[in-house]
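Q: sequence-free structure coming up:
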């Protein structure tokens, strides 16, 4: 069974929905200024007039939703497997 997704993995996944390239693994080692510059440089066209703060907020919100969805699916799968074993 697949384990729970990390916050960092969820952020990298979500970044691809708002940027033309996913954030690299080392994004969390960048300064705020480096991150803002990257977000503004690689922003996807529909979001090009958004601030770096707004883009980051979009990424964080999607990452949260993605992580919660995966967590819920894992719980459902675990429950279904337990039910099947009890039959």
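A: Sure, I can see it. The structure displayed is predicted, hence computed values, not measured ones. Numbers count the residues shown, from 1 in each chain.

Q: what packs against the top helix by length along the chain?
A: Assignment by DSSP state H gives helix 52-86 as the longest helix of the chain. The contact analysis (3 or more Cβ pairs under 8 Å, 6 or more residues apart in numbering; DSSP states H and E) places helix 52-86 against helix 7-15, helix 32-41. Yep, even glycine has a C-beta here, placed from its N, CA and C like the rest.

Q: what's the most buried one of these?
A: Burial of the helices and strands packed on helix 52-86 is given as mean neighbour count (mean count of other Cβ atoms under 10 Å); helix 7-15 ranks first at a mean of 18.

Q: now that one: mean pLDDT?
A: Across helix 7-15, pLDDT averages out at 97.

Q: now that helix and helix 52-86, what's the angle there?
A: Orientation of helix 7-15 against helix 52-86 (axes from the mean of the first three to the mean of the last three Cα atoms, to 10 degrees) gives an angle of 110 degrees.

Q: and helix 7-15, how far from the chain's centre?
A: Relative to its chain's centre, helix 7-15 lies at 3 Å (Cα atoms, centre = their mean, to the nearest Å).

Q: swap in stretch 11-24?
A: Centre to centre, stretch against its chain (Cα atoms, centre = their mean), the figure for stretch 11-24 is 8 Å.

Q: show me what contacts the residue lying closest to residue 23 once chain neighbours are set aside?
A: Ranked by Cβ to Cβ, 6 or more residues apart in numbering and with sequence neighbours excluded, the top spatial neighbour of residue 23 is residue 15, at 4.1 Å. Shown here is residue 15, whose contacts under the criterion Cβ atoms under 8 Å, 6 or more residues apart in numbering are 22, 23, 27, 59.

Q: Identify whichever of the helices and strands packed on helix 52-86 lies nearest to residue 69.
A: Shortest distance between residue 69 and the helices and strands packed on helix 52-86, using Cβ to Cβ, is found for helix 7-15: 10.0 Å.
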